[in-house]
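>>> build me a model:
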Amino acid sequence: MSLLEFHSYNEYVDQFTTLSDVRYLRNWDLQRKLIKNACGKSCLGGLLTEEEYHDRRQKELDMLKPRGLAESQLFGDFLNNNDRVLKQIAKREKMLLNKQLSTIIYLLMRSSNGLEVSGFIDLEQSLRESRFLGSKYFVDWKGVFEGTVKLKPGKHHLSHYDWYKNRVVYNDSDNFQVVDEGAHSLLMQHRGDHKMICVNTKCDCPASKNARRSMHASPIYGHAIFFDHIIRRIN
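Numbers count the residues shown, from 1 in each chain. The predicted structure follows:
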C-alpha cells in the first residue's frame, strides 16, 4: 500500500475500518480513536502513528523525484498492461494536456474491507498537477499505469460520495464548476467555454449532449464512465 494514495492521516486510518465496524459503532470519530489506540481487531495491520505516516509519505515522495517526467513525456508511456480503463486514460492524455479535450471520469470503488466510495475526477487537472511533486493533489500516475497504485476518488475531487457515511463532498476544479441542480441532476460547467455537462447517465437533457459518454470495464476499476467534452474555442 502506497501512502501517496491518501491525502490526510485520517484517510489513511479509515482504511483500517471494516464494514462490521461501520455497522456496529456508526461513529467514525470513535472508530478512529479505537484504531489509533490499537483497541480491537481492526488494528492488526501495523498502524502507523501520525508522525510515522507523514515521515514515510515524504520519503515516498522523495523517492519519486529522481524519476520525474521530462517535459514532453506522458504518464501513459508507463502503461505496461491491458487494463481497458487505463488504456482509455492514456489514449486521452495528450489531448487533455493540450486543452483540446476535457474529461470527467466516474469511478465506483470497493475497498478490501467492503466500504464503497464513488466520485467524479477532473482527469486533466489530476494528470497535470501530478507532474509536480509538491502539489497537494498529487497522484502517482506512473504507479497507476504500471499497476502498482490504484486510482481512487478522493475528497478533493469534483465529487466524493461515501456510501456508508452517506456523505457527499463537492469541489470546483480548474476546468469545471459544480452546479447542484437538486432534483434535476449534478451538472458541471466547463470554465473555458461555459458549456453545461450533465453527468447523470440516465438523463437525456440538453446538457447531456455536451459530452460524449462511454463506459469501459476492467477487473481493477469495474465499470468506469468517461464524459468527454470537446472544448469550444471562444473568440
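>>> strands along this structure, start to end?
Remark: strands assigned in the chain by DSSP state E are 101-110, 116-122, 159-162, 167-170, 176-180, 186-190, 196-198, 212-218, 222-230.
>>> quick one: contacts for the spatially most central residue of the chain?
Closest residue to the average C-alpha location of the chain: P153 at 2.9 Å, with C-alpha atoms, centre = their mean. Listed by C-beta atoms under 8 Å, 6 or more residues apart in numbering, the contact set of P153 reads L107, M109, V117, S118, G119, F120, I121, S159, H160. C-beta coordinates here come from the backbone N, C-alpha and C atoms, glycine included.
>>> show me where pLDDT drops low in the protein?
Scanning the chain for pLDDT under 70 picks out the ranges 1, 5, 14-46, 59, 61-72, 111-115, 134, 181-185, 233-235.
>>> for stretch 118-126, buried residues please.
Residues of stretch 118-126 classed as buried by neighbour count (16 or more other C-beta atoms under 10 Å): S118, G119, F120, I121, D122, L123, E124, Q125, S126.
>>> let me know the closest of those to I89.
Proximity of the buried residues of stretch 118-126 to I89 (C-beta to C-beta) peaks at L123, which lies at 6.7 Å.
>>> partners of the spatially closest residue to that closest one that is not a sequence neighbour in the sheet?
Nearest non-adjacent residue to L123, counting by C-beta to C-beta, 6 or more residues apart in numbering: T103, 4.4 Å away. Taking DSSP bridges, one obtains D228 as the residues bridged to T103.
>>> contacting residues for T103?
Taking C-beta under 8 Å, 6+ apart, one finds R92, L96, L123, E124, F226, F227, D228, H229 in contact with T103.
>>> next one: S126
Y137, V139, W141, H157.
>>> distance of the last one from M188?
The one in question is H157. Using C-beta to C-beta, to the nearest Å, H157 is found at 12 Å from M188.
>>> and the two? Which one has more around it.
M188 (28 against 22; other C-beta atoms under 10 Å).
>>> on that earlier part again, can you lay out the contacts of P153 as a markdown table showing distance to L47?
Shown next, in a markdown table, are the contacts of P153 (distance: C-beta to C-beta, whole Å):
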| residue | distance to L47 |
| --- | --- |
| L107 | 26 |
| M109 | 22 |
| V117 | 20 |
| S118 | 26 |
| G119 | 25 |
| F120 | 30 |
| I121 | 28 |
| S159 | 29 |
| H160 | 23 |
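>>> between those, which sits nearest H216?
Distances from H216 to the contacts of P153, taken by C-beta to C-beta, are shortest for L107, at 11.2 Å.
>>> distance of that closest one from A217?
12 Å.
>>> more neighbours, the two?
The neighbour comparison of L107 against A217 (other C-beta under 10 Å) goes to L107, with 20 against 12.
>>> do you know how far M188 is from C203?
13 Å.
>>> what sits against R212?
R212 sits in contact with F227, D228, H229, I230, where contact means C-beta under 8 Å, 6+ apart.
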